[in-house]
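In: Sequence first, then the predicted structure, then my questions.
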Amino acid sequence: MSEAHARSDLLGHGPHAGARPFILFRRPTARTGLVAWLTTVDHKRIGLLYGFFALSFFLLGGVEALIIRTQLIVPNNHLVSAHAYSELFTMHGTTMIFLAVMPLNSAFFNLLIPLQIGARDVAFPRLNAFSLWVFVAGAIILNVGWFLKAGAPAAGWFGYAPLTSKTFTPDLSADFWTVGLQVLGLS
């Protein structure tokens, strides 16, 4: 067997591909449907997914902003409590910066830059797809406090140290927020 055939077999493409354990390194073959979108390594689809998630979180941040502004329409409004207002303020800033603006940049970079320079794909397509799904995981971790008893942190989106300490935020909300931001930074 020639070296080229051996290399293609190791990557799962040659006539002996079924006998090798490296079949996991093949590119996903689904062309249509939800599985194709979830397993894609195509930069155009990843760019569109980044855009979809960015616009979804932009709408979520807009709803948070509407609740904040509705609370401020009249003095002594009781739409939300003072603590809930601080939580909304924190999550609105975080959502708009880290979950809307930054991934929207990634959407444009993934979608347009390879096309503009004439490249077939990005340099590391699997790492690109991994980055997208780590971003989604970070966004879920960041917002999971809303669905648990912890709530969201009431420390402001800037997260200055005194407000994020256990004295001012005794529950796990700041922990979820911090871990979510770290995972988003990793993505």
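Out: That came in fine, so what should we check first?
In: Every contact and neighbour count from this point should use C-alpha atoms.
Out: Noted.
In: contacting residues around the residue nearest the centre of the chain?
Out: Centroid-nearest residue in the chain, with C-alpha atoms, centre = their mean: residue 135, separated by 2.5 Å. By C-alpha atoms under 8 Å, 6 or more residues apart in numbering, the contact set of residue 135 is 183-184, 187.
In: One more pass at 7 Å, please.
Out: Contact analysis of residue 135 by C-alpha atoms under 7 Å, 6 or more residues apart in numbering lists 184, 187.
In: After the longest helix along the chain, heading C-terminal, what element do we hit next?
Out: If you go by DSSP state H, the chain has its longest helix at helix 43-71. Sequence order places helix 82-94 as the next helix or strand after helix 43-71, per DSSP states H and E.
In: Can you give me the buried ones in that following helix?
Out: Residues 84-94 are the ones in helix 82-94 that count as buried (16 or more other C-alpha atoms under 10 Å).
In: Stretch 180-187 too?
Out: Neighbour counts over stretch 180-187 (16+ other C-alpha under 10 Å) mark 180-181, 183-184, 187 as buried.
In: do stretch 115-125 as well
Out: Buried residues in stretch 115-125, defined by neighbour count with 16+ other C-alpha under 10 Å: 121-122, 125.
In: Now do the end-to-end distance for that stretch.
Out: One end of stretch 115-125 to the other measures 14 Å (C-alpha to C-alpha, to the nearest Å).
In: Make residue 1 into 453 and carry on from there
Out: Taking 453 as the first residue, the last one we looked at is stretch 567-577.
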